[in-house]
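Q: The amino acid sequence is not available; the structure is as follows:
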């Protein structure tokens, strides 16, 4: 099925509005509140989103300049997102919010009508325009979760999570490669309860290894915003369990994840 790039952009805009709604009423001091991402305040979450929106736009408009900029960041190795965060810690909150809004609007406008299959350079392998936008949506949601957790705002589920859930399923092999492990040959099926009450299925019918979860909890785990032990995810089989313990839908070095809050050591284990 062909991907509707403009429908994907509409979902990205909607997810952007969720984040902006949390940020707009904040007093300046709140932008320095520490988030669950160790070493990062709310301001760092926002500068990260704005910077990589501009990077995605640059990759579309001027791939050679993007390549030069990416090469310059390579000297920092896997810690380059932290280096970027440091660069913008003196920027006033109002300017950070305006930067994020402007960068996102420019990116959305430029990607409108682009062929979903158009290849773009990125910090790892090249990706399609559709994959680039899906990654931006995933990052917006995941960093929005960090902001919501910091402000003690409930994380609400929407059917936009389908983009993130699909990405989470498709990055199973990537998660193993981050840990220098071979991917088990046994297939894993994912069965998710969607926010609208329907079921989203990924993977082959009849697979003996299955991940059963709400779409929200699955997305929280694959973006490493919740520890598996703090969810009600049900895992059938060793391969399903192993994957969920290392799942990572975003690029970069292996993430540290979140510490478990639950004292129930069996929760999240194989069932």
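A: Yep, it's here. Remember, predicted model here, so these are calculated numbers, not experimental data.

Q: residue contacts, residue 28?
A: Listed by Cβ atoms under 8 Å, 6 or more residues apart in numbering, the contact set of residue 28 reads 92, 93. All C-beta atoms are positioned from the backbone trio N, CA, C, and that covers glycine.

Q: I meant residue 43, not that one.
A: Here residue 43 is in contact with 31, 32, 88, 89, 91, 93, 96 (Cβ under 8 Å, 6+ apart).

Q: Select only the buried ones of those residues in PyMOL?
A: Of the contacts of residue 43, the buried ones go into a single PyMOL selection, burial set by 16 or more other Cβ atoms under 10 Å:
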select buried, resi 31+88+91+93+96
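
Q: Now intersect the contacts of residue 43 with the helices, please.
A: 93, 96 (DSSP state H).

Q: Serialize the contacts of residue 43 to TSV and add fields for distance to residue 53 and pLDDT.
A: Shown next, in TSV, are these (distance: Cβ to Cβ, whole Å; pLDDT from 0 to 100):
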residue	distance to residue 53	pLDDT
31	18	98
32	22	98
88	13	97
89	19	97
91	15	98
93	18	98
96	13	98
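
Q: With respect to residue 153, which of the contacts of residue 43 is nearest?
A: Residue 153 has its nearest neighbour among the contacts of residue 43 in residue 31, at 15.2 Å by Cβ to Cβ.

Q: And the closest one, how far from residue 99?
A: 13 Å (Cβ to Cβ, to the nearest Å).

Q: between those two, what contacts are shared?
A: Joint contacts of residue 31 and residue 99 (Cβ under 8 Å, 6+ apart) are residue 46.

Q: Mind jotting down where the strands sit in the protein?
A: 119-120, 127-128, 188-193, 199-202, 209-214, 234-236 (DSSP state E).

Q: Please list the outside residues in contact with the fourth one.
A: Among residues not part of strand 199-202, those counted as contacts by Cβ under 8 Å, 6+ apart are 162, 165, 166, 169, 189, 190, 191, 192, 193, 194, 215.

Q: Which member of those is positioned nearest residue 223?
A: For the contacts of strand 199-202, the nearest to residue 223 is residue 165 (10.3 Å; Cβ to Cβ).

Q: Tell me if I'm right that the closest one and residue 215 touch.
A: Yes. Using Cβ atoms under 8 Å, residue 165 makes contact with residue 215 at a distance of 5.4 Å.

Q: okay, and the common contacts of those two?
A: Counting by Cβ under 8 Å, 6+ apart, the residues touching both residue 165 and residue 215 are 192, 200.

Q: Residue 182: neighbouring residues, count only.
A: Per other Cβ atoms under 10 Å, the neighbour tally for residue 182 reads 8.

Q: Compute the distance between the residue nearest to it when sequence neighbours are not counted and residue 184, please.
A: The shortest distance from residue 182 to any non-neighbouring residue, by Cβ to Cβ, 6 or more residues apart in numbering, is to residue 176 (6.7 Å). As judged by Cβ to Cβ, residue 176 and residue 184 stand 8 Å apart.

Q: do residue 7 as well
A: Residue 7 is 34 Å from residue 184, where distance means Cβ to Cβ.

Q: need the contact list for residue 127.
A: Applying Cβ under 8 Å, 6+ apart, the residues contacting residue 127 are 119, 120, 135.
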